[in-house]
Structure formats: structure tokens, C-alpha cells
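1. this one's structure only:
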């Protein structure tokens, strides 16, 4: 239906993952406890293996087509990111960098999020005086880490989402 906006293709592909994981479990079960030579029960590996290959190939083709036609509404995405407390982990990471254990930082960030929910605010909207009520470790530089762009930029580990990582991987893939 032309008015439908649901992401059917990714939903269907996500649904296929259950089938593929089921095949993996079947293969692991067949392989469990095999002696060193061929056994007749290995004939049971063909259906899950071939179906998995066919399923993954079909899903990759669908994703390729989806990504080619994808139109991103950047402003809507920014609004969604800002409304979801996705920067709470960055707040905890900031506190770890200021000497707190991650466990304590996580708990403190959770209290900040709860406060924000109760008062209809975002973390980055809290004045420094309010943040300092939670911990004296907060300084003005915390705000630079709370933007979506800063959060993405900081994810530099292998497989992370930093722009440099994404550009490097796209170049490796020839995209």
C-alpha cells in the first residue's frame, strides 16, 4: 500500500534471523559428539546449510536494494536521537574518565535520566549547577560529549560508528 511507512524489508530480514539461527542450532546438534569419521547422520546437514545460504543471499539482495533507495530524513533522525537518552552512556563514560568506577557512573547516569524523565528535560538541557547536585565531578566540558555527533565520533574502536571508521570500511568495500 503506497501510504504504508513501516520498514517491511528490515523487519522481514530480522525475522529470517530466527530461521538461520535455528539452522545453526540444528547443525551444531548434528555435529555434536561425532567420531572422527563420516557418519550417516551428516546427511542431515544439507537442508539447513543450503537453506541458510539461500536465505542469507536473498536477504543481502533485499538490503542492497533497500539501501540504494533509502531516503534519510536527517532532522527527524536528530529529533529521535535527542529524545531517547542515547547520550546517557556518554554521561557515564564521562564520569569514568573523571575517576568513577563504571558501576558507580552507570548508577549516577541512571539517576540523572530518572530526574530528566520526572522533569521533562533532556540531559544536555540541565544546567551545570543541576548536574553538580548529582556529582561534583561534572564540569562544563561535559556538554561537548552529550551531542549525537560527539557520541558517534567517539566510537573509534574496530567496528565502531565514527565517521572515520565508516569511511575506511566503505573504501575497503569499494563503495
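-> Ah, there it is. These figures come from a predicted structure and were not determined experimentally.

2. Whatever helix or strand residue 62 lives in packs against which elements?
-> Per DSSP states H and E, residue 62 falls inside helix 46-69. Judged by 3 or more CB pairs under 8 Å, 6 or more residues apart in numbering; DSSP states H and E, helix 46-69 is in contact with helix 8-31. Quick note: C-beta positions are derived from backbone N, CA and C, even for glycine.

3. follow-up on the earlier one: after the helix holding residue 62, next one along is what?
-> Sequence-wise, the next helix or strand downstream of helix 46-69 (DSSP H and E) is helix 74-82.

4. Which positions within the helix or strand of the chain with the lowest mean pLDDT qualify as buried?
-> In the chain, no helix or strand scores lower on mean pLDDT, DSSP states H and E than helix 74-82, which sits at a mean of 85. By neighbour count with 16 or more other CB atoms under 10 Å, helix 74-82 contains the buried residues 81-82.

5. how distant is that helix from the center of its chain?
-> 16 Å (CA atoms, centre = their mean, to the nearest Å).

6. what sits up against it?
-> Residues from elsewhere that reach helix 74-82, judged by CB atoms under 8 Å, 6 or more residues apart in numbering: 122, 148.

7. change the start of the numbering to 20 and stick with it
-> Yep, numbering from 20; the last one is helix 93-101 now.

8. Check residue 122 and give its pLDDT.
-> Confidence at residue 122, expressed as pLDDT, is 96.

9. Under the pLDDT cut-off, which ranges of the chain? List them.
-> Segments of the chain classed as low confidence (criterion: pLDDT under 70) are 20-25.

10. Show me it divided up by domain.
-> The chain resolves into domains spanning 27-90, 99-172 when parsed by automatic domain parsing.

11. Could you dump these into CSV and include distance to residue 178?
-> Output for these, formatted as CSV (distance: least, CB to CB, whole Å):
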stretch, distance to residue 178
domain 27-90, 18
domain 99-172, 13
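
12. Pick the most buried one from these.
-> Ranked by average neighbour count under the criterion mean count of other CB atoms under 10 Å, the domains of the chain are headed by domain 99-172 at a mean of 15.
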